[in-house]
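Undergrad: below is the sequence, then the predicted model.
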Amino acid sequence: MKYLEEYRNLEATQSLLKQLRKITTRPWNIMEICGGQTHSLVRNGILEMLPEHVRMIHGPGCPVCVTPVNLIDKAVALLEKGVIVCSFGDMIRVPGSKKSLLEAKSNGGDLRILYSPIEAVSIARKNPQKEVVFFAVGFETTAPANALSVLHAEKEGLNNFSILTSHVLVPPAMEAILTDEFCKIDAFLAAGHVCAIMGIQEYYPLVARYKIPIVVTGFEPLDLVQGIYMAVKQLEKGEAKLENQYARVVKPDGNKAAKDVIKKVFEVGDREWRGIGKIPNSGYVVTPAYKKYDAASKFDVEYIQSPENQLCIAGEILKGIKKPHQCSQFGNVCKPANPLGAPMVSSEGACAAYYHFAQQPNIKI
Amino acid sequence: MSKLENIHIGHGSGGELTRELLDTYIFKTFSNPYLDKKHDGAIVDLEGEIAISTDSFVITPIFFKGGNIGELAVNGTVNDVAMCGAIPQYLSLAFIIEEGLRLTDFEAIVKSVSEAAKRSRVQIITGDTKVVEKGKGDKIFINTTGFGRKHPKAAIDVNRIQSGDKIIINGYLAQHGMAIMSEREGLEFETEIKSDTTNLNFIVNKLLDTFGSDIKLFRDPTRGGLATVLNEIAADTHLGVAIGERFFPIQKQVAAACEMLGLDPLYVANEGVFICVVDASAAGAVLEMMQCDEKGKAAAIIGEFTTEHPQKVVMESMIGGKRIVSPLVGEQLPRIC
């Protein structure tokens, strides 16, 4: 709570914004990677307070948004087979190609909304006659807890527990964005919580190769304004460095215990990203040693061809090429109550954030 | 007959068991001249304009920190009648019970209904009890309907709201919703979060006695939270609502719980909370009176109506930025990280 007050301080934020205005002389495009950061920027009204030249581009860091449609279809199929499917809350409203998990639940599926994957293990223990699948989505942040659930299940000798994974990694996504021919990003705010787990070492090669400033940034208003300030300062000076704004949480080497758990259960593999497509070595897959806990190989759910809604421009949104309000469907056909794509569903999705918080006509978006 | 531990389907048959259940738990507890007639309904003497409000209560868990479904069912409807600018007098009380509910739990709920009704000075004058098979309900559902005479000075009408009118809240936001949520999720915080369910009829009555038509609207932001209620009022008045995040009374542990679970307190359900829209000239005096009342100690002016941004609720954040506060769509869902 101490941090909540300190990092939401009116005077401190305003004075930093003033300094930012002073040093900004040219237009800069800065991408915040994490959906949590997007949410905080919009929720706190930071976007409209930034200097005119500073334009924020909202990155792909919303795990719900980048989970491919066919994986949602698989989870729905498992639910319809009578499996107990456990999921984080914001995943359940995301439209699959035919229906969302929430709709499958209303048809009688046993869907449980959880805060922690460890709870899914206890559900498996209490329901030995049933198969229990945890829908393990997320970036590096949720990977340790998801991996831990597998280790717990192993320790307890549970054979009815498995995870349906769609784990994605930040650095390969940043690289995919940087190599996109339409990329116009001048600097990144890296995702603070991802770095809290992984550390910051893997960002040095990106800085070196693409000559782009990266600032590891937190989520509170003051964190974000400071992260933006640090990025603009580098840009104005013509520098490209890796800096850590979120040093109170992020250690250079991250969290060793968490990384060890990840390494035990997962290995790096190719992953499909909703709206972006397949990115090589961009996610975690379950290691062969833990294959029996991998729902994708455990259950014979056939590959479901899952077309995206053609009207949805989620891919361009996630790569920062377009802004939500530049989509013809935004706010009229596509709304949180009737989402065409994931960025309108998740509270971290750029489209939902814009829809909820920033519809006033005079806002700078 | 051997002593039963649970409610079973026979208790809803209308026969001997139903009679026994009602005699043991209902008629004795709520005895009054209307109910004692044991008729199909009650005949009451009401004059003038009458406010009527009905509400069904479905909540998991049925017992929570700070209350249970019984007192919630009384307070909820008493408050809804009060929000109309009326003085609640009578309540109907209907139970839908799932087979298997422990009789001791039923007894505790009935007792709590009775105590809450006494505190609000309302009488339970008619009711109903049904039992559904196991799996066809969720322990117990309660419906109450409240009746009350309109306060002679009340002029509650959303159409009377003008630009410049102030919005005052009586107490802390999001307590009830977070108490239920932490109970459901088995979460514990340093300080216990309790539901703030309570009756608001006396404080409302007192405000009306003193300020009459200066008070233009009462609303209790229960489900959907404050954000939803403010959006409804903005839509009805065609005016804009401007609020400031720094003015909201919110307890530290509740704010922390909301942060942890990724929920916005503006959308979390409240129980013992109401807002009133007051003519700007009376706002200071209304606030003072509320702060002197047990049920309004944390009262604060949180915003006002404006001709800018019609039909929209705009909030100034802690750091001075502005954002639209939209109505709630579906349920608030816990976030991944």
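TA: It's in. Numbers count the residues shown, from 1 in each chain, chains lettered A, B, ... in the order given.

Undergrad: from the centroid of the chain, which residue is nearest?
TA: Let's take chain A. Centroid-nearest residue in chain A, with CA atoms, centre = their mean: residue A:62, separated by 2.5 Å.

Undergrad: switch to chain B, please.
TA: Note: chain B centre (CA atoms, centre = their mean) maps to residue B:76, 3.6 Å.

Undergrad: find the nearest non-adjacent residue to that residue, please.
TA: Spatially, and ignoring its direct neighbours in sequence, residue B:76 is nearest to residue B:55 (5.2 Å; CB to CB, 6 or more residues apart in numbering or on different chains). Every C-beta, even on glycine, is put in place using the N, C-alpha and C of the backbone.

Undergrad: which strand residues bridge that neighbour?
TA: residue B:144 (DSSP bridges).

Undergrad: my guess is it contacts residue B:144, does it?
TA: Yes: between residue B:55 and residue B:144 there is a contact at 6.2 Å, judged by CB atoms under 8 Å.

Undergrad: mind checking how far residue A:112 is from chain B?
TA: According to CB to the nearest CB, to the nearest Å, residue A:112 and chain B sit 12 Å apart.

Undergrad: residue ranges in the chain under the pLDDT threshold?
TA: No chain was given, so I picked chain A. Along chain A, the parts satisfying pLDDT under 70 run over A:1-3, A:302-306, A:347, A:357-365.

Undergrad: that's the wrong chain, I wanted chain B
TA: Filtered on pLDDT under 70, chain B yields the residue ranges B:1-3, B:190, B:333-337.

Undergrad: tell me, which strand in it spans the most residues?
TA: In chain B, taking DSSP state E as the definition, the longest strand is strand B:86-98.

Undergrad: and the contacts of stretch A:13-25?
TA: The contact list for stretch A:13-25 (CB atoms under 8 Å, 6 or more residues apart in numbering or on different chains) reads A:49-51, A:53-54, A:221-222, A:225-226, A:228-229, A:232-233, A:236, B:319-320.

Undergrad: just checking, what packs against the longest strand of chain B?
TA: Contacts defined by 3 or more CB pairs under 8 Å, 6 or more residues apart in numbering or on different chains; DSSP states H and E place strand B:86-98 against helix B:69-83, helix B:103-120, strand B:123-132, strand B:140-150, helix B:201-211.

Undergrad: which stretch among these is buried most, on average?
TA: Greatest average neighbour count among these goes to helix B:69-83 (a mean of 27), per mean count of other CB atoms under 10 Å in any protein chain shown.

Undergrad: quick one: that helix to chain centroid distance?
TA: Here helix B:69-83 is found 5 Å from its chain centre; the criterion is CA atoms, centre = their mean, to the nearest Å.

Undergrad: so it versus helix B:103-120, what angle?
TA: Between helix B:69-83 and helix B:103-120, the angle comes out at 30 degrees (axes from the mean of the first three to the mean of the last three CA atoms, to 10 degrees).

Undergrad: which secondary structure elements does helix B:69-83 contact?
TA: strand B:50-57, strand B:86-98, helix B:103-120, strand B:140-150, helix B:201-211, strand B:215-219.

Undergrad: okay, the longest strand seen in chain A in CSV with CA atoms only?
TA: Identified as the longest strand of chain A according to DSSP E is strand A:277-286. Taking C-alpha atoms only, strand A:277-286 is exported to CSV below (Å, rounded to 0.1, in the frame of the first residue of the first chain):
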residue,chain,number,x,y,z
GLY,A,277,1.1,-15.8,-36.6
LYS,A,278,3.9,-18.2,-35.7
ILE,A,279,7.0,-16.8,-34.2
PRO,A,280,10.0,-19.2,-33.9
ASN,A,281,11.2,-20.0,-30.4
SER,A,282,8.7,-17.6,-28.9
GLY,A,283,7.1,-19.6,-26.2
TYR,A,284,7.2,-22.5,-23.7
VAL,A,285,6.2,-26.0,-24.4
VAL,A,286,6.1,-28.8,-21.8
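
Undergrad: ok, residues contacting that strand?
TA: For strand A:277-286, the external contacting residues (CB under 8 Å, 6+ apart) are A:143, A:150, A:163, A:165-169, A:172-173, A:176, A:262, A:265-273, A:293-294, A:297, A:315.

Undergrad: need the contact list for the residue of the stretch 51-200 of chain B found nearest chain A.
TA: Relative to chain A, the nearest point of the stretch 51-200 of chain B is residue B:185 (6.1 Å; CB to the nearest CB). Residues in contact with residue B:185 (CB under 8 Å, 6+ apart) are A:115, B:261.

Undergrad: one more pass at 7 Å, please.
TA: Shown in contact with residue B:185 (CB atoms under 7 Å, 6 or more residues apart in numbering or on different chains): residue A:115.

Undergrad: filter the contacts of stretch A:13-25 down to the buried ones.
TA: A:49-51, A:54, A:221-222, A:225-226, A:228-229, A:232-233, B:319-320 (16 or more other CB atoms under 10 Å in any protein chain shown).

Undergrad: domains in the chain, as residue ranges please.
TA: With no chain named, the answer covers chain A. Taking automatic domain parsing as the criterion, chain A consists of the domains A:1-307, A:314-357.

Undergrad: wrong one, I was asking about chain B
TA: B:9-150, B:158-324.

Undergrad: list the buried ones in the longest strand of chain B?
TA: So for strand B:86-98, counting by 16+ other CB under 10 Å, buried means B:86-98.

Undergrad: what about it, distance to the chain center?
TA: Centroid separation for strand B:86-98 versus its chain: 13 Å, with CA atoms, centre = their mean.

Undergrad: residues contacting residue A:202?
TA: Contacts of residue A:202 (CB under 7 Å, 6+ apart): residue A:171.

Undergrad: just the contacts of strand A:277-286: which are in helices?
TA: Counted as lying in helices by DSSP state H, out of the contacts of strand A:277-286, are A:143, A:150, A:172, A:173, A:176, A:262, A:265, A:297, A:315.

Undergrad: show the contacting residues for the spatially closest residue to the first one that is not a sequence neighbour.
TA: Looking back up the chat, that one is residue A:143. Leaving aside its chain neighbours, residue A:143 sits nearest to residue A:262 (4.9 Å; criterion: CB to CB, 6+ apart). Residue A:262 makes contact with A:143, A:144, A:147 under the criterion CB under 7 Å, 6+ apart.

Undergrad: export these as CSV, with columns for neighbour count.
TA: Output for the contacts of residue A:262, formatted as CSV (neighbours: other CB atoms under 10 Å in any protein chain shown):
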residue, neighbour count
A:143, 26
A:144, 20
A:147, 28
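
Undergrad: ok, so of these, who is nearest residue B:64?
TA: residue A:144 (32.4 Å; CB to CB).

Undergrad: what's the nearest residue in chain B when you look at chain A?
TA: The minimum distance from chain B to chain A, using CB to the nearest CB, falls at residue B:321 (2.1 Å).

Undergrad: is it true that that residue touches residue A:43?
TA: No: using CB atoms under 7 Å as the test, residue B:321 is too far from residue A:43 to be in contact (8.7 Å).

Undergrad: which one of those two has more residues nearby?
TA: Shown here are residue B:321 and residue A:43; by other CB atoms under 10 Å in any protein chain shown, residue B:321 has more neighbours (25 against 21).

Undergrad: what is the burial count for the nearest residue to that one once chain neighbours are set aside?
TA: Spatial nearest neighbour of residue B:321, chain neighbours left out: residue A:45 (2.1 Å); criterion: CB to CB, 6+ apart. Using other CB under 10 Å, residue A:45 has 25 neighbouring residues.
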